[in-house]
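**Q** Let me see the structure of the following:
(6 chains)
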4 protein chains.
Amino acid sequence: MPPTSGTAAQGQSGKESTPHRRYDPDRRGSISDAALDVIAEHGVAGTTYRKIAAAAGVPLGSLTYHFESLDEILQEAFTKLANHTADGFEAAMAEAGNAAQARAAVVRLITGELLNDPRNMVLSYELYALAVRRPELRQVTDAWMARSRAAVGRFFDPATTIMLDALIEGLTMHRALSLAPMPRRTVEEAVNRIVGKP
Amino acid sequence: MPPTSGTAAQGQSGKESTPHRRYDPDRRGSISDAALDVIAEHGVAGTTYRKIAAAAGVPLGSLTYHFESLDEILQEAFTKLANHTADGFEAAMAEAGNAAQARAAVVRLITGELLNDPRNMVLSYELYALAVRRPELRQVTDAWMARSRAAVGRFFDPATTIMLDALIEGLTMHRALSLAPMPRRTVEEAVNRIVGKP
Amino acid sequence: MPPTSGTAAQGQSGKESTPHRRYDPDRRGSISDAALDVIAEHGVAGTTYRKIAAAAGVPLGSLTYHFESLDEILQEAFTKLANHTADGFEAAMAEAGNAAQARAAVVRLITGELLNDPRNMVLSYELYALAVRRPELRQVTDAWMARSRAAVGRFFDPATTIMLDALIEGLTMHRALSLAPMPRRTVEEAVNRIVGKP
Amino acid sequence: MPPTSGTAAQGQSGKESTPHRRYDPDRRGSISDAALDVIAEHGVAGTTYRKIAAAAGVPLGSLTYHFESLDEILQEAFTKLANHTADGFEAAMAEAGNAAQARAAVVRLITGELLNDPRNMVLSYELYALAVRRPELRQVTDAWMARSRAAVGRFFDPATTIMLDALIEGLTMHRALSLAPMPRRTVEEAVNRIVGKP
DNA sequence: GATGAATGAGGGTTCATTCAT
DNA sequence: GATGAATGAACCCTCATTCAT
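**A** Residues are numbered from 1 along each chain as shown, chains lettered A, B, ... in the order given. Below is the predicted model of the structure:
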């Protein structure tokens, strides 16, 4: 049987303003990008397909077409977050040429824009809260941690690296969650003690 | 609950065998306790009035009667969580008589039940994720931190206390979020470096 | 804590035109009635919460409040259908005073309004199709059949009653599903043969 | 199906190991066969293009290419059902050489596998429910009935044939829809009465 | 003072259908 | 000729919240 017989008269005029985009090769990417924005603004608790679709400027049905579930979107979004932060981490450490410069770089990281950016911080803690509950996201945090430690590990022994990485986390967190500001001097001193500055 | 047609046998006569509890002096408390259970199981994202009411064995309308909003319930619940953890923290440190014992107590805390209990961990990170977003919850985390630091501060100078507190947080967190186990030895060494064991 | 403090200024004017009905004791009934209408028009395949709600003039959320599931609505609706038809059946047979009149009553039933009403027929077959698939609806058809047989059984022995009941079903069905009309004479003769008219 | 990011390994080289079937001469047939399976399992209410395509192992777009609409698929599927049952009917009656054997054959049909097979029964009632609503399907049931009557008609006069056909339907139906089993003896006696066994 | 009946908005998800290829 | 990528409407259902009692 021929294709639905009589749909001949369809587009008699020449130019038409693309009623709907037919193919978008980076649709998946746009969606997970938008998901990060939504999580940053509303938290995982307030993240819905509809908000993501609106943020991405994409039809609602597109989300469930490209992703199996909301969780799959979250996973991809948080992977991007982790990579973004790890990139910044690596970049900061890459500038260091020796242990002393590495110490300074770590202090700059803890007190710098990347780790104190409200958006980044909010997203990170949302990820942590989710990761303790869901093993599949544990892989994301684990890979992230591995990259951070590798970046730091260029200058310190493995045990020190682990300690330093944890210290970075703890200091960043307490700076964020405390109402009282933490002096930069305290950060420097803590780093020095962990790495054993002579 | 739907009427389910026949509600004939309800008790039209005078005597009633305690059909509903007449007065519950700690209704508020039961509700916020139940809220913690629900958050632990479903996350803040999955916490609803209905689930809390069911967990508390309390009528749905009771929640909006005793609390202004869901947020108010969350705040009270998380305050209980913070107090519970801080209690454990203080108890652990109270046993210490000197700096050496205090160091050991800190290591025991980081590796012990209280901070590694999955329920407690899940709840804590849910709180953190919420606190970075909502200032009113920042007061809860801030008060919590203050108590922790006070407990530790009996043995160390203020700056060291802040560093140690942050280290505890970071080590606990990375132990939870990493797939690879962290040796106890590393924890001990990190604590020693921060407090400057001779 | 007092009930949400400031909702004092609510209805300052005297008369208000009942914004939403607060209590409707026969809500369940209206819904299952409307469900029958929707099934009759769209079939079980096309029956949705939305269509039922619209037909009943009732908010959508009301359906899931009063019923656990769509299946529960269907069950209640089909029970009404069965009772309605069985009522007509009993009424028709009640007029008969002896076996001869009973035979005539059966013929009138097969050829009469009740069993040939398109709506009633459509609904009955929708029920049958569902009942062969779902045991819980089998109880509805079984109870219906029992009432029909009891009505007929006043005049004939048990075995004859079962046969006659099946014949009624088969004749009604084939009158409905055939494009060629079936003579009334054939119906009469079939009934006579089954009941053994002398 | 979503693109799942990496569709790199697709076959950009010349040789391809039969990635998709090039030509399927009975694609239409596979589809309507699969449709019957889906209807049997999910009912007409739960029959969708997607389920049929999956059951047939055929791309989704293929359905709308080969058929104008879902209704057209249903119609073709139900025609196959009717033919299948009528075939069995004819085969059963073909074995009979005289009226007595024909009576026995009819009893065997009513109590036999073909008419009591759950799948067949479910499909038949789905068809009936649809046919009372949609005239175009009435032709399917009418043709089916004509074949049945022709098969039976070889042994009985036209009026008796019509009665007997209806009786077969009614007895089969009530056996299916009743929770209490119907004795084989009752079936035999009913047939005897209709055909007037001496 | 305290509760359950009731609602409408919004939740995730599925679907027939369209269209570029 | 045949297909899968894509859409938006509709699906069922859950929810916070309101209000009469």
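**Q** Let me see the contact set for A:Ala40.
**A** A:Arg119, A:Val122, A:Leu123 (Cβ atoms under 8 Å, 6 or more residues apart in numbering or on different chains). (Glycine included, C-beta is placed from N, CA and C.)
**Q** So which bits of the helix or strand that A:Glu188 is a member of are buried?
**A** Using DSSP states H and E, the element containing A:Glu188 is helix A:184-195. Judged by neighbour count (16 or more other Cβ atoms under 10 Å in any protein chain shown), helix A:184-195 contains these buried residues: A:Thr186, A:Val187, A:Glu188, A:Glu189, A:Ala190, A:Val191, A:Arg193, A:Ile194, A:Val195.
**Q** Contact partners for the first one?
**A** Okay, so that is A:Thr186. With Cβ under 8 Å, 6+ apart, A:Thr186 has these contacts: B:Ala159, B:Ile162, B:Met163.
**Q** Tell me which of those fall in helices.
**A** B:Ala159, B:Ile162, B:Met163 (DSSP state H).
**Q** Check the closest residue to the second one other than its chain neighbours and give its pLDDT.
**A** In this structure, B:Ile162 finds its nearest non-sequential neighbour in A:Thr186, 5.6 Å apart by Cβ to Cβ, 6 or more residues apart in numbering or on different chains. You'll see A:Thr186 listed with a pLDDT of 96.
**Q** Let me know the pLDDT of the spatially closest residue to A:Ala180 that is not a sequence neighbour.
**A** Spatially, and ignoring its direct neighbours in sequence, A:Ala180 is nearest to B:Asp142 (7.6 Å; Cβ to Cβ, 6+ apart). We note a pLDDT of 92 for B:Asp142 in this prediction.
**Q** do A:Ala150 as well
**A** For A:Ala150, the pLDDT comes out at 96.
**Q** buried ones in the helix or strand hosting it?
**A** Taking DSSP H and E as the definition, one finds A:Ala150 inside helix A:135-153. If you call a residue buried by 16+ other Cβ under 10 Å, then helix A:135-153 has these buried ones: A:137-138, A:140-142, A:144-149, A:151-153.
**Q** Closest one to B:Leu177 out of these, please.
**A** Distance to B:Leu177 across these (Cβ to Cβ) is lowest for A:Thr141, with 4.3 Å.
**Q** residues in contact with that closest one?
**A** A:Ala82, A:Leu127, A:Tyr128, A:Ala131, B:Leu177, B:Ser178.
**Q** so which of those is the most crowded?
**A** A:Leu127 (26 neighbours; other Cβ atoms under 10 Å in any protein chain shown).
**Q** Spatially nearest residue to that residue, not counting backbone neighbours?
**A** A:Leu127 sits nearest to A:Phe78 (Cβ to Cβ, 6+ apart), 4.8 Å away.
**Q** Please give the number of neighbouring residues around that neighbour.
**A** Count around A:Phe78 with other Cβ under 10 Å applied: 25.
**Q** what do you get for A:Lys51?
**A** For A:Lys51, the neighbour count with other Cβ under 10 Å is 17.
**Q** can you check A:Ala77 too?
**A** 27.
**Q** Was I right to think A:Ile168 contacts B:Leu171?
**A** No: applying Cβ atoms under 8 Å, one finds A:Ile168 not in contact with B:Leu171, separated by 11.4 Å.
**Q** Give me the more crowded residue out of the two.
**A** Ranked by neighbour count (other Cβ under 10 Å), A:Ile168 and B:Leu171 place B:Leu171 first, with 28 against 25.
**Q** For the residue positioned nearest the centre of chain A, which non-adjacent residue is spatially closest?
**A** Most central in chain A under Cα atoms, centre = their mean is A:Leu81, positioned 0.9 Å from the mean C-alpha point. What sits nearest to A:Leu81 in space, not counting adjacent residues and going by Cβ to Cβ, 6+ apart, is A:Leu123, at 5.1 Å.
**Q** Show the contacting residues for that neighbour.
**A** A:Leu123 neighbours (Cβ under 8 Å, 6+ apart): A:Leu36, A:Ile39, A:Ala40, A:Phe78, A:Leu81.
**Q** was I right about the last one contacting A:Tyr125?
**A** No: using Cβ under 8 Å, A:Leu81 and A:Tyr125 do not qualify as a contacting pair, with a distance of 11.1 Å.
**Q** what stretches of chain A score poorly on pLDDT?
**A** A:1-23, A:198 (pLDDT under 70).
**Q** hang on, the earlier thing: quick one: which of the buried residues of helix A:184-195 is nearest to D:Gly97?
**A** A:Ile194 (101.8 Å).
**Q** hang on, the earlier thing: between the buried residues of helix A:135-153, which is closest to DNA strand E?
**A** Checking these against DNA strand E with Cβ to the nearest atom of the strand, the nearest one is A:Leu137 at 16.8 Å.
**Q** my read: that closest one touches A:Glu126, true?
**A** No: applying Cβ under 8 Å, one finds A:Leu137 not in contact with A:Glu126, separated by 10.4 Å.
**Q** Could you count how many residues lie near A:Leu109?
**A** Neighbourhood size, A:Leu109 [other Cβ under 10 Å]: 24.
**Q** list the contacts for the closest residue to it other than its chain neighbours?
**A** In space, and not counting its chain neighbours, A:Leu109 is closest to A:Ala92: 5.2 Å by Cβ to Cβ, 6+ apart. Applying Cβ under 8 Å, 6+ apart, we find A:Ala92 in contact with A:Ala105, A:Arg108, A:Leu109, A:Gly112, A:Leu114, A:Ala151.
**Q** Can you tell me the SS state at the second one?
**A** The three-state assignment at A:Arg108 reads helix, by DSSP: H, G, I helix; E, B strand; the rest coil.
**Q** In space, what's closest to it - neighbours in sequence excluded?
**A** That would be A:Ala92: by Cβ to Cβ, 6+ apart, it lies 6.5 Å from A:Arg108.
**Q** before we move on, which element is that neighbour in?
**A** Going by DSSP H and E, A:Ala92 is in helix A:70-94.
**Q** For that helix, which residues meet the burial criterion?
**A** A:70, A:72-82, A:85-86, A:88-89, A:92-93.
**Q** check whether it contacts DNA strand E.
**A** Yes: with Cβ under 7 Å from any atom of the strand as the criterion, DNA strand E is reached by helix A:70-94 at A:Leu70.
**Q** How far away from the center of its chain is that helix?
**A** 4 Å (Cα atoms, centre = their mean, to the nearest Å).
**Q** ok, it near DNA strand F or not?
**A** No: using Cβ under 7 Å from any atom of the strand, helix A:70-94 stays clear of DNA strand F, coming no nearer than 14.5 Å.
**Q** related to what we said a few turns ago, chain C: which of the buried residues of helix A:135-153 is nearest?
**A** A:Leu137 (32.6 Å; Cβ to the nearest Cβ).
**Q** Now the closest one: closest residue in space that isn't a chain neighbour?
**A** A:Ala131 (4.3 Å).
**Q** Same check on A:Leu114?
**A** Of all residues not flanking A:Leu114 in the chain, A:Gly88 sits nearest, at 4.3 Å (Cβ to Cβ, 6+ apart).
**Q** how is chain A carved up into domains?
**A** Following automatic domain parsing, chain A resolves into domains at A:25-67, A:70-195.
**Q** Alright, I will stop here.
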